[in-house]
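Peer 1: coords please:
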Amino acid sequence: MTGPHALWRPYEDEPLFGPGMLTGVHSMEDADADRLVRYLSALVAQRGTVHTAVAFNAVYFGYDLAFNGYVGGPVDFDSFPEVSFEEVGGALPVGAMVTLRAGSSSLPAEVVHREGTGGPGKACGRGVFVRPERLVCDFDAFSPGTVISATQLNRLRAHGRWIDSSGHLLHRARYTRAAATDGDDRERFVEYLLGPGRPQMMAGPLPLLLTDGAGGEQFAAALRAALTTVARALEVARDLRTWHGYAFTARSLSERLGDDGPLGRSDMDCLVRRVVRPVPGRDGRVGERHTEVGPFLRSLSGTGHALTGTGYLDAVVHANTLVDDHLGDHGRDGVLPGGVRVRLADPGQEGGLWSTGPTRVPNPPHARSEDPARTPPPRPDPPLAEYVAEYDVAAFLRRLPEGQRASDTARAEYHRLLSRFGAAGDLPPGFTLVRGHSRSRGGPRRTT
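Peer 2: A predicted model of the protein is given here:
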């Protein structure tokens, strides 16, 4: 970085993903916490609405704000799981990096939003459920135009075979148990990184941060801790707002409310009125109504183009936030004057499913996801501190000048660090390894 307020450049500056990521923002040095928060604020301002898992990816895999994309390192397209419009596949969380098969082409993308589109799932075998889902993918995550041009993407949208007309992947996801369709997006992401995403996760900085003896439980605990750190950094950023794991700039919402076009103030006010307006029942009492944010926004005139690609994510998160704001301003604990209760029954269904009805509802729909008797308490993570490398700055990858190659010593050391956890890999071309060091010890960094 060229100055105290310059933004982090992956593989050129000291990494953001250091030991402090595993112990929390509060334990970081002020300068480290500040550069993390400033980087994430700039990331959200540049990319739009960003989920905690996607923000984790940016810090972990190195999203370069100047390049406007991931710049190599552990990002290996060949390690991405493949998904198809036509086939049932494994469940994919927000944050997964995938390859979309589109005829003879393979299109790498980052999943930035996931939602159910057809209810809780359909049994199709012993202990197996299939749930239709909408995956909003960012095909520009590796720099705009690198994977696919806007013209090519529009052609695929018009064709409607591999992605729909909105540029989204309608995916039939296979789950091993019904409870997997509920759960927490961050926990799904941890399970993914320890499963299908393990090769890519092991090529990133976490194995360089942990000491010998760390196993699956320690990796899971470290990933949860890092995600918590990222979430907290997004929450404390002054220019950001958050909703159910998504962060966006306060300015983007203000600009939407200052726009009278599609999905501007008028359309958003229409949605809020729809959600909070009570429904008179046949006996004169308040009835129940359910509003799915995504389908409602699509039903409004002229909103089709504004809901394509990641614009859909921006719109549904803004819309849900405005409903929450209305409830905060005009109600208490979700109850509005007159005894009408408004609650978010399922944030992961069709852009957010809101339920409006009487204060007392005998058997509310989707109660299963909110029933503590059906939701097991999270299992405490094992102690992590003893497995974190002693260095203030653990070993990390650094980009080499063009034409240079890492030394055999650096390559051997990188292989040794990975082999401690049963992983094999070579340094990515154009990168070397900077060995761990302590700032307090002073002296130049040691490179191999």
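Peer 1: Any idea how many residues pack against the closest residue to residue 258 other than its chain neighbours?
Peer 2: Leaving aside its sequence neighbours, residue 258 sits nearest to residue 265 (C-beta to C-beta, 6 or more residues apart in numbering; 7.2 Å). Quick note: C-beta positions are derived from backbone N, CA and C, even for glycine. Look at residue 265: counted by other C-beta atoms under 10 Å, it has 14 neighbours.
Peer 1: Surely residue 265 and residue 259 touch.
Peer 2: Yes - look at residue 265 against residue 259 with C-beta atoms under 8 Å: they come within range, at 6.8 Å.
Peer 1: ok, residue 88 to residue 99 distance?
Peer 2: 17 Å (C-beta to C-beta, to the nearest Å).
Peer 1: go on, residue 216?
Peer 2: For residue 216, the distance to residue 99 - C-beta to C-beta - is 26 Å.
Peer 1: So which of the two has more stuff around it?
Peer 2: residue 99 (19 against 10).
Peer 1: Assign the nearest residue to residue 243 once chain neighbours are set aside to helix, strand or coil.
Peer 2: Closest residue to residue 243 apart from its sequence neighbours, by C-beta to C-beta, 6+ apart: residue 321 at 4.7 Å. Secondary structure state of residue 321, per DSSP: H, G, I helix; E, B strand; the rest coil, is helix.
Peer 1: Model confidence for residue 321, exactly?
Peer 2: pLDDT recorded at residue 321 is 98.
Peer 1: With residue 333 instead?
Peer 2: So residue 333 comes in at 89 (pLDDT).
Peer 1: likewise residue 26?
Peer 2: On the pLDDT scale, residue 26 gets 84.
Peer 1: contacting residues around it?
Peer 2: If a contact means C-beta atoms under 8 Å, 6 or more residues apart in numbering, then residue 26 has no contacts.
Peer 1: Now the phi/psi pair for it, please.
Peer 2: phi -60, psi -20 (degrees, to the nearest 10).
Peer 1: if I look at it, how far off is residue 151?
Peer 2: 48 Å.
Peer 1: pLDDT weak spots in this structure?
Peer 2: Low-confidence segments of the chain, defined by pLDDT under 70: 1-5, 119-121, 125, 177-183, 284, 360-380, 382, 440-448.
Peer 1: Which of the three states applies to the residue lying farthest from the centre of it?
Peer 2: Taking C-alpha atoms, centre = their mean, the residue of the chain most remote from its mean C-alpha position is residue 283, at 45.0 Å. Three-state call for residue 283 (three-state DSSP): coil.
Peer 1: Which residues are in contact with it?
Peer 2: By C-beta under 8 Å, 6+ apart, the contact list for residue 283 is empty.
Peer 1: Residue 423 and residue 389: what is the separation?
Peer 2: The value you get for residue 423 to residue 389, if C-beta to C-beta is used, is 16 Å.
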